[in-house]
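In: With the sequence up front, the predicted model follows.
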Amino acid sequence: MADVRLEKVTPGNVDAAIALRVRSDQERFVSPVVNSLAEAYVRPEKAWPRLIFDGEDLVGFVMAFFDIRFDPDDPDDRPRSGLWRLNIAEGRQGRGYGRFAVESVCEEIRRRGQSRVTVTWAEGEGGPEGFYLRLGFRRTGETSGDQVVGELDLKAKRRPAPS
Ligand SMILES: CC(C)(COP(=O)(O)OP(=O)(O)OC[C@H]1O[C@@H](n2cnc3c(N)ncnc32)[C@H](O)[C@@H]1OP(=O)(O)O)[C@@H](O)C(=O)NCCC(=O)NCCS
């Protein structure tokens, strides 16, 4: 992981970003990068899109969100921050890039003075649930649409998840 880093989306790399694909059987679990970039364009203050590079190679895309209420009609629903999208390219998975992206988002959320990281995922064969649980996320018991809500407490002492 010597030269793994996040980069902003630029005119020079946007075409490669849009061409990035997860495995076809995983496409139902995450939106295409082009959709995420459009969402980031209309909510620039809430979205934090970044490309994951290993050396010269584009290996993934991650987008964090900041201070979004899941249910704007519920006055008790606090603003949350976390992972909005995570796409590791087909053929590049299983090498620690996903973990790097999640840790980078955690670092950014910590830098903004917050300590809870939220993510939602769809359940199903080939889905990301095992990945998030492995990284220490826990189900909150809530749902958002048809997705389950998971959270990581950055203040909690880090303990490896059971294998
Ligand atoms: C889920 C995803 C982001 C994981 O990225 P990745 O780069 O393959 O994951 P990593 O290599 O960083 O794995 C980190 C750890 O999680 C484990 N892990 C990864 N995917 C897993 C899965 N589906 N189930 C269980 N564990 C998993 C790895 O074995 C590794 O464990 P270790 O540290 O003990 O060795 C990637 O598979 C992906 O892009 N999937 C398609 C899109 C998607 O579902 N995105 C999430 C939308 S919410």
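Out: That came through, no problem.
In: Please tell me how far residue 57 sits from residue 95.
Out: 11 Å (CB to CB, to the nearest Å). Yep, even glycine has a C-beta here, placed from its N, CA and C like the rest.
In: Report the contact partners of residue 114.
Out: 81, 154 (CB atoms under 8 Å, 6 or more residues apart in numbering).
In: which SS state does it fall under?
Out: Per DSSP: H, G, I helix; E, B strand; the rest coil, the secondary structure class of residue 114 is coil.
In: From residue 52, how far off is it?
Out: 22 Å.
In: Any idea how many residues pack against residue 88?
Out: Residues near residue 88, counting by other CB atoms under 10 Å, number 27.
In: same check, this time on residue 96
Out: 13.
In: Over to the one 4 residues further on?
Out: Residue 100 has 20 neighbours, counted by other CB under 10 Å.
In: quick check, it in a strand?
Out: No. Residue 100 is assigned helix when assessed by three-state DSSP, not a strand.
In: Quick check: it touching residue 50?
Out: No. Using CB atoms under 8 Å, residue 100 is not in contact with residue 50; the gap is 11.0 Å.
In: quick one, what contacts residue 155?
Out: residue 115.
In: any idea how far the ligand is from it?
Out: 22 Å (CB to the nearest ligand atom, to the nearest Å).
In: before we move on, what about residue 42?
Out: Taken as CB to the nearest ligand atom, the span from residue 42 to the ligand is 20 Å.
In: swap in residue 69?
Out: Distance from residue 69 to the ligand, by CB to the nearest ligand atom: 19 Å.
In: Residue 4 now?
Out: In terms of CB to the nearest ligand atom, residue 4 sits 10 Å off from the ligand.
In: Kindly report the same for residue 105.
Out: Relative to the ligand, and taking CB to the nearest ligand atom, residue 105 is found at 12 Å.
In: okay, now the spatially closest residue to that residue that is not a sequence neighbour: neighbour count?
Out: Of all residues not flanking residue 105 in the chain, residue 64 sits nearest, at 4.5 Å (CB to CB, 6 or more residues apart in numbering). For residue 64, the neighbour count with other CB under 10 Å is 25.
In: Give me the secondary structure label for residue 64.
Out: Taking three-state DSSP, the label given to residue 64 is strand.
In: how would you label residue 152: helix, strand or coil?
Out: Applying three-state DSSP: residue 152 is strand.
In: so what's it up against?
Out: 106, 116, 117, 119, 135, 136, 137, 138.
In: Repeat the analysis, applying 10 Å as the threshold.
Out: 82-83, 102, 105-106, 109, 115-119, 132, 135-138, 158 (CB atoms under 10 Å, 6 or more residues apart in numbering).
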